[in-house]
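Trainee: Would you be able to build a 3D model of this:
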Amino acid sequence: MARPAPGLASFRALPGGVRGALWMGFAALAFAAGFVVIRYLSARYSVYELALFRSGLAAVLMLPWAIGAWRRVIGVRRWRIYLLYALTMYAGILCWFFALAHLPTAEATALYFTTPLFTIVIAAVFLGEKVGLRRWTATLIGFLGALVIIRPGVVAVSLPVIAVLATAFLFAIANVAIKALAATDGSNTVVFHGFLLVTIAGVVPALDGWVTPSWADMPWILFAGVSGLVSQQCFTRAVAAAPISVVMPPYFLQLPFAALFAWILFAELPSVYVWAGAAIICGSSYYIALREAQIARAGAAAARS
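Mentor: Numbers count the residues shown, from 1 in each chain. Predicted structure coming up:
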């Protein structure tokens, strides 16, 4: 049996929290890079085509692994959760790409950070989980941060803004599914099936109004697929390696990364309202993650006693 490379062995030897935080930092960079590429391509291709390019290329890039690990690929059992993950991910991607095509990148990214807040609401309403006063308060404060960015009554609330909030809601469901699936099926299996199912779902919609990619756009399209694969792989490994409370802070690096890339490529400068609202959203989301960790530790201690 081949030994892992020294660098890989050293990485695996790191504590789970450190590995999870590093994975999430890499995911944040890949997510942000993919955002600006999708925004660039959205001037020429529909959101349906862009979703198909991203997921299809990522699935193709994973085929060598899938062929070698075919027993794990065909051996999955929880298809209902996989379908829920794929459908919410596909719908969220369509909403997200539409928003990126019509909003400044940093503004869209900041509003996207409401995803953890929607997770709390979903858990309370649909799963019947008890949510304490402090977590409800933090959730409400986070949504106030979104209102700082949106500024309803001062700036017209647009369809792209609603699309970002829909993205956050849908991705919150998908992230819960990812966390559940990664615990038993492994990161590669979850990511491959996600991309494969999203690709299958996206073929027919993409054919309506199809625009054949130009050779000049092919490197950007390929980059969108690679960044999508890298970001999802890193994100899945992050949530599998450590609790959400540990890996959440590097997740928010997407905003400065996206703002930097958008400034370089599109000369977009985020307004003070974007930074202020993002700070409120990120702070409340991180507090919720810390609170979740405290509750989990208390539950584990009670179970041991």
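Trainee: Name the residue closest to the centre of the protein, please.
Mentor: residue 171 (6.6 Å; Cα atoms, centre = their mean).
Trainee: Give me the spatial nearest neighbour of it, chain neighbours excluded.
Mentor: What sits nearest to residue 171 in space, not counting adjacent residues and going by Cβ to Cβ, 6 or more residues apart in numbering, is residue 92, at 4.7 Å. Where you see a C-beta, it was placed from the backbone N, CA and C, and this is true even at glycine.
Trainee: Go ahead and measure how far stretch 233-250 is from the middle of the chain.
Mentor: How far stretch 233-250 lies from its chain's middle: 11 Å, per Cα atoms, centre = their mean, to the nearest Å.
Trainee: Pull the residues that contact it.
Mentor: 16-17, 19-28, 30-31, 116, 175, 178-179, 182-183, 187-188, 190-191, 285-286, 289-290, 292-293, 296 (Cβ atoms under 8 Å, 6 or more residues apart in numbering).
Trainee: quick one: low-confidence ranges for the stretch 151-300 of the chain?
Mentor: Along the stretch 151-300 of the chain, the model assigns pLDDT under 70 to residues 152-156, 244-245, 292-293, 295-300.
Trainee: In contact with residue 147: list those residues for me.
Mentor: residue 277.
Trainee: tell me which element it is part of?
Mentor: Element membership for residue 147 (DSSP states H and E) is helix 133-150.
Trainee: Show me which residues of that helix are buried.
Mentor: Neighbour-count burial for helix 133-150 flags 135, 138-139, 141-143, 145-146, 148-150 (criterion: 16 or more other Cβ atoms under 10 Å).
Trainee: can you check stretch 58-75 too?
Mentor: Here stretch 58-75 shows 58-59, 61-62, 66, 69, 73 as buried, counting by 16+ other Cβ under 10 Å.
Trainee: Could you give the number of residues near the nearest residue to residue 208 once chain neighbours are set aside?
Mentor: In space, and not counting its chain neighbours, residue 208 is closest to residue 48: 7.2 Å by Cβ to Cβ, 6+ apart. Using other Cβ atoms under 10 Å, residue 48 is surrounded by 21 other residues.
Trainee: packing partners for the host helix or strand of residue 48?
Mentor: Using DSSP H and E, residue 48 maps to helix 47-61. Applying 3 or more Cβ pairs under 8 Å, 6 or more residues apart in numbering; DSSP states H and E, one finds that helix 47-61 contacts helix 16-41, helix 79-102, helix 187-207, helix 218-241.
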